[in-house]
Structure formats: structure tokens, C-alpha cells
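Asks: No sequence on hand, only this structure:
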């Protein structure tokens with residue numbers, strides 16, 4: 001077993017009044033892992049480090065969802081392309097006293113092996129401070145930095161990438177950057193990507209006219225009210241590092257898929273752009289029967305005995321972020337959509 005491939009078990013750290021899980025996972029003799037790591041804390045409350053360097057629950061990522069979408073009629077946006085937020089990352093997790101309390105029970109367990117225990121003790125407890133080794137868990141530097149360890153998004157457990165944060169626990173002085181060989185060390189940009197995964201947007205059930213049932217060869221108008229589709233945002237931060245990022249999702253277009261090839265779309269692409277007032281499409285008004293809707297469709301065949309067509313309405317959301325130190329930029333657009341039933345009846349003439 002590699003000296004730095006520590007066995008991971010579930011531990012509970014209690015700091016003052018703050019209680020949080022320290023996620024760990026067993027390692028096999030060859031350094032591989034036999035299961036995905038348990039979830040780290042996804043803290044929603046603020047916290048800080050006291051004068052002794054005690055890390056509260058806010059050592060992990062704190063999410064402010066005040067400006068996010070809320071309620072049962074919301075969902076997560078799906079990033080376009082192959083991009084996805086990181087499944088794991090590194091951030092402060094322990095003070096020297098907390099690391100001691102965490103590691104010593106592991107070393108005392110007979111299952112880890114005396115040689116592995118000795119190597120670990122030499123690295124974190126018996127080192128002389130040279131060559132990457134530490135003395136007495138760096139207690140002499142209490143309040144001057146933190147031990148960093150990996151965190152895993154609990155929604156990503158089981159994915160191969162969730163096992164990629166396998167570096168041994170390491171020390172970082174306050175104000176210093178983490179080691180250059182740790183690409184997943186938390187930054188405002190990584191925070192923006194984690195906030196992306198927390199974005200919730202409203203469902204995209206469009207209003208149709210005619211509503212409920214339409215007719216063959218009759219233009220059907222489609223629209224979304226501007227009060228339902230506004231930018232939403234989530235802020236992710238690590239208070240003990242004084243870094244944060246706000247990720248914002250702004251609706252930009254509606255794509256209509258009629259659920260059958262026997263349909264004509266308006267516009268032909270099926271992509272309806274958002275209006276200047278935040279709405280999409282134009283509501284049907286009396287006297288519009290002979291007009292072509294700016295956003296909508298015409299079914300060319302009745303839905304018949306196979307049941308209604310499954311019209312899918314998908315909103316595209318532009319994703320951008322701003323963060324500590326003037327950082328910011330764009331992230332891949334996201335989409336969120338749902339289907340609704342549309343019954344199409346055969347009729348020769350219709351008065352509207």
C-alpha cells in the first residue's frame with residue numbers, strides 16, 4: 001500500500017457547536033478504491049474560523065440560493081456538450097488538532113497495518129518539517145493555515161471522476177496558494193462551476209392557443225410569460241478563504257419540438273428568441289386567426305388513436321459568473337425542458 005494512500009472511513013468531527021461529516025473511503029492494497037467516497041458536507045449556513053484556528057462547517061462550500069429558482073416546478077439545467085461541474089475538489093478541512101483527532105483512531109485500527117501506520121505517523125507526526133514531512137500535525141502553525149483534503153459532490157458518487165481527488169492531506173499556509181500539482185484546489189472558477197450544479201430554473205410549460213386540443217392545418221400560437229422567466233443565480237463561497245463566485249442563468253430562447261415530423265414550425269428552426277421584456281413568443285389575441293404566429297407550429301396530421309403528441313418545450317439558459325478578484329466569464333449554456341400533451345383533431349373548416 002502506498003504510504004500516502006490512506007484508508008478512508010467515515011468520521012464525525014465536532015468543533016464547538018458545529019458538526020460536520022468528514023468523508024473518507026477505504027483504499028485497497030494497490031492504491032485503488034473499492035467504493036465511491038461518501039458525500040462531504042454541502043453546508044448552507046455561514047461560519048468562520050475562531051482565534052484558535054478551529055474550522056467550522058463553512059470550511060466546505062457554502063451556497064447562497066436566495067436568488068435561485070424555488071419550488072416543485074423547477075429543475076436543474078443540463079450543460080450543453082460534454083462539460084460538467086467538477087465531481088470533487090480540495091479545500092480546507094482540518095486544523096492541526098482536528099487532523100490529529102481524525103488520523104489517530106485510523107492508525108490504531110488493526111486493519112490498516114503497522115507499516116502503513118508507521119509511515120503515516122512519520123509523515124504527519126514525527127517528521128522534522130523537511131522533505132514534505134510534518135511535525136506533530138503542524139500544531140506549531142495553529143491559526144496560520146489549514147489542512148486541506150478532498151470533498152466529493154454527493155450527487156456524483158459512483159462516477160469515475162469522483163475518485164480522481166486522491167492526493168494525501170496537505171497543509172497550506174493562510175494567504176498562500178495550494179500546491180501547483182493540485183488542479184482541483186478550490187478557486188473562484190471552481191466555485192462558479194459548483195454553483196452551476198445548484199442552479200434551478202422554472203419549468204417550461206408553454207401556453208398554447210388553441211389550448212388543450214388544436215386542429216390539423218390550424219396555426220397554434222405558443223408563448224411564455226415574462227414573469228415566469230427571469231435570471232436566477234447561486235453564490236458559492238469558502239468563507240475561511242474569503243473567496244466566492246456567483247453563477248447566473250439568463251433565459252435566451254425557447255425550442256419547440258412537436259413530437260411528430262408531421263408539423264410545420266414557426267420559426268422554421270423551432271427556436272423562439274426571448275423578447276426584450278423577457279417574454280418568449282406573443283400571446284394569441286382575437287383577430288389573429290389568419291396570422292402566422294412568431295412562435296408556434298401547425299400540425300399537419302391528427303394525433304389519432306395513438307394518443308396525443310408529446311410537444312417538448314426546452315429553454316436555453318446563458319450561464320455566466322463573477323468571482324473574487326475580478327474573475328468571471330461564461331460557462332457552457334444549459335437547457336431545461338419538459339413535455340406536454342397536445343391533441344390534434346381532424347377538421348375541414350374552423351371559425352375562430
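Replies: It's in. Keep in mind that this is a model prediction, so the values were computed, not measured.
Asks: name the element residue 330 belongs to?
Replies: Residue 330 belongs to strand 327-345 when elements are defined using DSSP states H and E.
Asks: Please apply the same query to residue 322.
Replies: Assigned by DSSP H and E, residue 322 belongs to strand 309-323.
Asks: model confidence over that strand, on average?
Replies: Strand 309-323 shows an average pLDDT of 96 in the prediction.
Asks: Paired strands for that strand, with orientation please.
Replies: Sheet pairing of strand 309-323 (DSSP bridges) gives strand 243-257 (antiparallel), strand 327-345 (antiparallel).
Asks: Including mean neighbour count, could those strands go into CSV?
Replies: For the C-beta atoms, the positions are set from N, CA and C on the backbone; glycine is no exception. Listed next are the strands paired with strand 309-323 as CSV, based on neighbours: other Cβ atoms under 10 Å:
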stretch, mean neighbour count
strand 243-257, 21
strand 327-345, 17
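Asks: quick one: buried residues of stretch 160-177?
Replies: Neighbour counts using 16 or more other Cβ atoms under 10 Å place 162, 163, 165, 166, 167, 169, 170, 171, 172 of stretch 160-177 among the buried residues.
Asks: now for those residues, which pair is the farthest apart?
Replies: 162 and 171 (24.0 Å; Cβ to Cβ).
Asks: hey, what's residue 336 bridged with?
Replies: Residues in beta-bridge contact with residue 336 (DSSP bridges): residue 315.
Asks: Residue 314 is in contact with that one, correct?
Replies: Yes: the pair residue 336 / residue 314 is scored as a contact, 7.1 Å apart, by Cβ atoms under 8 Å.
Asks: What is the burial count for residue 298?
Replies: 20 (other Cβ atoms under 10 Å).
Asks: cool, residue 70 as well?
Replies: With other Cβ under 10 Å as criterion, residue 70 counts 12.
Asks: Which stretches in the protein count as helices?
Replies: Here the chain has its helices, by DSSP state H, at 96-108, 114-124, 188-198.
Asks: now the angle between strand 243-257 and the last one, please.
Replies: Helix 188-198 and strand 243-257 meet at an angle of 40 degrees, taking axes from the mean of the first three to the mean of the last three Cα atoms, to 10 degrees as the criterion.
Asks: Show me the shaky parts of the stretch 201-350 of the chain.
Replies: The stretch 201-350 of the chain contains residues with pLDDT under 70 at 228, 348-350.
Asks: Try it again at 80.
Replies: Low-confidence segments of the stretch 201-350 of the chain (pLDDT under 80): 204, 212, 226-229, 347-350.
Asks: likewise the stretch 51-200 of the chain?
Replies: For the stretch 51-200 of the chain, residues meeting the criterion pLDDT under 80 lie at 51-60, 112, 128-132.
Asks: residue contacts, residue 342?
Replies: Contacts for residue 342 (Cβ atoms under 8 Å, 6 or more residues apart in numbering) come out as 208, 213, 214, 220, 258, 259, 299, 303, 308, 309, 310, 311.
Asks: Now flag whichever of the residues you listed is closest to residue 135.
Replies: Using Cβ to Cβ, the contacts of residue 342 come closest to residue 135 at residue 310, 65.6 Å.
Asks: hey, what's residue 223 bridged with?
Replies: Assessed by DSSP bridges, residue 223 has beta-bridge partners residue 207, residue 281.
Asks: Of all the strands paired with strand 309-323, which one comes closest to residue 134?
Replies: When the strands paired with strand 309-323 are compared for distance to residue 134 using Cβ to Cβ, the nearest one is strand 243-257, at 24.8 Å.
Asks: Check the spacing between residue 265 and residue 299 real quick.
Replies: With distances taken as Cβ to Cβ, to the nearest Å, residue 265 is found 11 Å from residue 299.
Asks: Now do the strands in the stretch 1-150 of the chain.
Replies: For the stretch 1-150 of the chain, the strands defined by DSSP state E, counting those that start in this stretch cover 11-15, 18-22, 62-64, 74-76, 78-79, 88-94, 145-152.
Asks: can you pull the contacts of residue 200?
Replies: Residue 200 makes contact with 65, 68, 69, 70, 74, 75, 76, 232 under the criterion Cβ under 8 Å, 6+ apart.
Asks: How about the residue nearest to the first one when sequence neighbours are not counted: which residues does it bridge to?
Replies: Once its chain neighbours are removed from consideration, residue 65 has its nearest residue in residue 234; the separation is 5.5 Å (Cβ to Cβ, 6 or more residues apart in numbering). On DSSP bridges, the residues paired with residue 234 through beta bridges are residue 247.
Asks: wait, isn't residue 234 in contact with residue 195?
Replies: Yes: the pair residue 234 and residue 195 qualifies as a contact (Cβ under 8 Å) at a distance of 4.3 Å.
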